[in-house]
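K.L.:
below are the sequence and a predicted model; questions follow.
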Amino acid sequence: MKNKFTKFISLAFKEFTVGLKLFSSQSARRKRNKPQYFNPWVTPFIGEHVSLQNTLLDCANKITIEDYVFFGHDVFLLTARHDYSKFLLQRQKTVISKPIHIKKGAWIGSRAIVFGGVTVGEHSVVGAGSIVTHDVPPYSVVGGNPARVVKYIKKGIIV
Ligand SMILES: CC(C)(COP(=O)(O)OP(=O)(O)OC[C@H]1O[C@@H](n2cnc3c(N)ncnc32)[C@H](O)[C@@H]1OP(=O)(O)O)[C@@H](O)C(=O)NCCC(=O)NCCS
């Protein structure tokens, strides 16, 4: 009787430890394979009298949109990028982000894309479809890919 009971206990224990090992190796594999996106989601700052039309704010870093700024349709503000010196899941997981600052009164045309690290100066204009990779000087009109200054604006006059 005692012998049968000991056998039963040791068998049950063996099954239990095998099950435990299986479970822990499965959960470790699941953990390893699960993409881990670094996504702190920083709350953007949006000033007064701001108008956005179907805008994508990628808030992996601070986005500041000052007063009287207005956007055309489908503008993307992309604060984040991936580290392409890495491969496969490492590339997916490593996120590098920089802030974006759109200063007072700027107008961003439809379908423009602004990258992280860019400041768009006050009262400047970003032409439709532009890809903005560098800072935009204040009172300027920029356009193209990459966006370049096409003209400057004086109050009431286009220079
Ligand atoms: C920015 C904008 C207002 C500039 O208009 P503009 O002052 O009449 O500009 P011009 O037509 O005189 O263009 C000046 C130069 O910049 C270039 N340019 C103007 N807008 C451009 C743009 N979006 N992308 C690339 N180049 C542009 C022109 O080709 C021209 O170059 P060139 O001198 O070599 O010929 C206009 O191009 C624009 O993008 N409008 C956006 C409209 C919009 O998004 N509306 C949505 C509702 S908010």
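P.N.:
Nice, I can see it.
K.L.:
what parts of this structure come near the ligand?
P.N.:
Counting by CB under 6 Å from any ligand atom, the chain comes close to the ligand at G72, G109, S110, V125, G127, A128, G129, S130, V141, G143, G144, V150. C-betas here are computed from N, CA, C, even on glycine.
K.L.:
from those, which land in strands?
P.N.:
G72, V125, V141, G143, V150 (DSSP state E).
K.L.:
which one of the residues you listed has the most neighbours?
P.N.:
V125 (22 neighbours; other CB atoms under 10 Å).
K.L.:
state the distance from the nearest residue to that one once chain neighbours are set aside to R148.
P.N.:
With sequence-adjacent residues excluded and distances taken as CB to CB, 6 or more residues apart in numbering, V125 is closest to V141, at 4.4 Å. Taking CB to CB, to the nearest Å as the measure, V141 falls 10 Å from R148.
K.L.:
does R81 belong to a helix or a strand, and which?
P.N.:
R81 is part of strand 80-82, with elements assigned from DSSP states H and E.
K.L.:
in its sheet, what does that strand sit against?
P.N.:
Sheet pairing of strand 80-82 (DSSP bridges) gives strand 95-97 (antiparallel).
K.L.:
quick check: closest non-adjacent residue to whichever residue of the chain sits closest to the ligand.
P.N.:
Here the residue of the chain nearest the ligand is G127; by CB to the nearest ligand atom that distance is 2.4 Å. Nearest non-adjacent residue to G127, counting by CB to CB, 6+ apart: G143, 3.2 Å away.
K.L.:
pretty sure that neighbour contacts V150?
P.N.:
Yes: with contact defined as CB atoms under 8 Å, G143 counts as touching V150 (5.1 Å).
K.L.:
common neighbours of these two, please.
P.N.:
G127 (CB atoms under 8 Å, 6 or more residues apart in numbering).
K.L.:
just to revisit the earlier point, check contacts around the residue nearest to V125.
P.N.:
Going by CB under 8 Å, 6+ apart, V141 touches S124, V125, G127, V149, V150, K151, Y152, I153, I158.
K.L.:
quick check: which of these has the minimum pLDDT.
P.N.:
Note: of the contacts of V141, the lowest pLDDT belongs to I158, at 64.
K.L.:
circling back: how many neighbours does the residue of the chain closest to the ligand have?
P.N.:
20.
K.L.:
circling back to that earlier point, so what's the gap between the strand holding R81 and the chain middle?
P.N.:
The chain centre lies 7 Å from the centre of strand 80-82; the measure is CA atoms, centre = their mean, to the nearest Å.
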